[in-house]
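# Structure of the sequence below:
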Amino acid sequence: MVSTIHLLITEPLDKELVDRVISVSPRLTVHQHVARKAEDLPAALVAETEVLYTLNALPEPASAPCLRWVQFHRAGLDRVGDHPLLRAGVQFTSLSGAAASQMGEYVVMMMLALGHGLSEMAALKASKEWPKNRWEHFLPTELRSATVGIIGYGSVGREVARLCRAFGAKVLAIKNDAMHPEDPGFTPEGLGDPRGEFPDRIYPPEALARVLAESDFILVSAPLTARSRSLLGGEAISAAKRGAFLIDVSRGGLLEEAAVLGAVRDGILAGAAMDVFAQEPLPPDSPLWEEPRIILSPHIAGVSREYDVRAVDLFVVNLRRYLLGQPLLNLFDPARGY
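This is a model prediction of the structure:
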């Protein structure tokens with residue numbers, strides 16, 4: 001007799017998306033109970049759940065004896081890396097790859113905005129005055145023939161590489177395991193770089209200074225781990241190519257914000273775009289607000305009207321793998337921190 005698998009969804013997914021999950025297999029009994037905290041879930045429901053799809057509602061192991069797998073509704077899992085469920089043998093998987101499309105567009109938007117001086121153009125419109133030397137003043141840093149350094153060659157970095165190659169840019173990438181360029185995680189069809197073919201060169205993390213020194217645009221898209229925290233501090237940023245632009249879509253904590261601000265003010269960096277911060281929301285007294293050459297956004301690079309659809313696309317792929325006893329995609333490794 002084939003056993004029933006109880007699957008609990010705590011996110012407010014539309015009925016059509018829940019029905020897609022239900023249609024995967026008759027073995028599934030799918031429950032949807034919207035909740036942000038585990039305490040808001042019915043104890044009897046948690047006790048029988050084998051597969052949990054959630055954002056943050058993580059029960060303790062004692063209350064979820066049947067739980068075997070948690071699929072998160074987000075990509076970054078640094079905040080759950082020490083959860084007791086992991087020590088109890090429960091598998092955690094992320095949504096890495098589901099937001100690659102919109103985040104790739106965000107990064108390219110910021111590269112173009114920084115390279116062409118869009119913020120200053122907006123300021124000139126407000127002042128109703130053009131600079132007398134506008135030809136020289138607005139000489140762009142074009143993506144064509146520019147060098148783009150990607151720190152963290154995961155799903156977002158790979159999609160940015162694909163887009164930048166289409167613009168004619170040279171791509172350098174930093175990857176923890178530089179000898180294995182392929183991506184074992186989830187890649188939406190037609191996006192990204194699953195075989196690691198787009199970079200002109202893939203470097204290990206030890207070559208960070210070299211990549212910074214060669215790059216006109218620097219993308220930070222690495223996960224936050226004990227090893228990557230404060231990866232880009234004052235010493236590292238001082239190695240950057242003078243006049244480079246920096247874009248950060250990773251997690252707050254990889255950059256030392258004071259070092260980025262100082263590098264922009266000192267002319268080491270020509271500008272920056274930051275979507276993530278050590279403290280969110282960014283405090284009103286942060287000096288980052290006052291620097292016109294730094295574009296700020298409120299951690300929205302991954303936002304999309306299609307996010308839930310793409311999330312369920314990934315979940316369905318993983319769910320079929322689970323039912324077949326195959327390895328799950330985007331499996332969280334506590335030793336690596338991602």
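# which element follows the helix or strand of the chain with the lowest mean pLDDT toward the C-terminus?
Ranked by mean pLDDT, DSSP states H and E, the weakest helix or strand in the chain is helix 134-137, scoring a mean of 90. Sequence order places strand 147-151 as the next helix or strand after helix 134-137, per DSSP states H and E.
# quick revisit: residues contacting the least confident helix or strand of the chain, please?
Gly117, Pro131 (CB atoms under 8 Å, 6 or more residues apart in numbering). C-beta here means a position set from N, CA and C on the backbone, and glycine is covered the same way.
# and the strand or helix carrying Arg162, what does it pack onto?
Per DSSP H and E, Arg162 falls inside helix 155-167. Applying 3 or more CB pairs under 8 Å, 6 or more residues apart in numbering; DSSP states H and E, we find helix 155-167 packed against helix 100-115, strand 147-151, strand 170-174.
# can you list these in TSV and add distance to Lys132 and mean pLDDT?
Listed next are the helices and strands packed on helix 155-167 as TSV, based on distance: least, CB to CB, whole Å; pLDDT from 0 to 100:
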stretch	distance to Lys132	mean pLDDT
helix 100-115	22	98
strand 147-151	32	98
strand 170-174	34	98
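# Go through those and name the closest to Ala44.
helix 100-115 (37.8 Å; CB to CB).
# Contacts for the following helix or strand past that closest one next, please.
Using DSSP H and E, the helix or strand that directly follows helix 100-115 along the chain is helix 118-127. Applying CB under 8 Å, 6+ apart, the contact partners of helix 118-127 are Leu112, Ala113, Trp130, Pro131, Phe138, Gly271, Pro292, Arg293, Ile295.
# What angle do helix 100-115 and helix 118-127 make with each other?
Helix 118-127 runs at 60 degrees relative to helix 100-115, counting by axes from the mean of the first three to the mean of the last three CA atoms, to 10 degrees.
# before we move on, back to that, for the helix holding Arg162, buried residues please.
Ser155, Val156, Gly157, Arg158, Glu159, Val160, Ala161, Arg162, Leu163, Cys164, Arg165 (16 or more other CB atoms under 10 Å).
# picking up where we left off before, quick check, nearest of the contacts of helix 118-127 to Ala169?
Leu112 (11.6 Å).
# right, and that closest one touches Leu143 too?
Yes - between Leu112 and Leu143 there is a contact at 7.1 Å, judged by CB atoms under 8 Å.
# So for these two, which residue has more residues nearby?
Taking neighbours as other CB atoms under 10 Å, Leu112 and Leu143 compare with Leu143 leading, 20 against 15.
# Ala75: what's its closest spatial neighbour, skipping adjacent residues?
Once flanking residues are discounted, Ala75 sits nearest to Ser96: 4.6 Å by CB to CB, 6 or more residues apart in numbering.
# Could you measure from that neighbour over to Pro223?
9 Å (CB to CB, to the nearest Å).
# Now the common contact residues for these two.
Gly154.
# and those two? which has more neighbours close in?
Ser96 (25 against 21).
# Roughly how far does the more buried one sit from Ala126?
39 Å.
# likewise Val160?
For Val160, the distance to Ala126 (CB to CB) stands at 31 Å.
# Great, nothing more from me.
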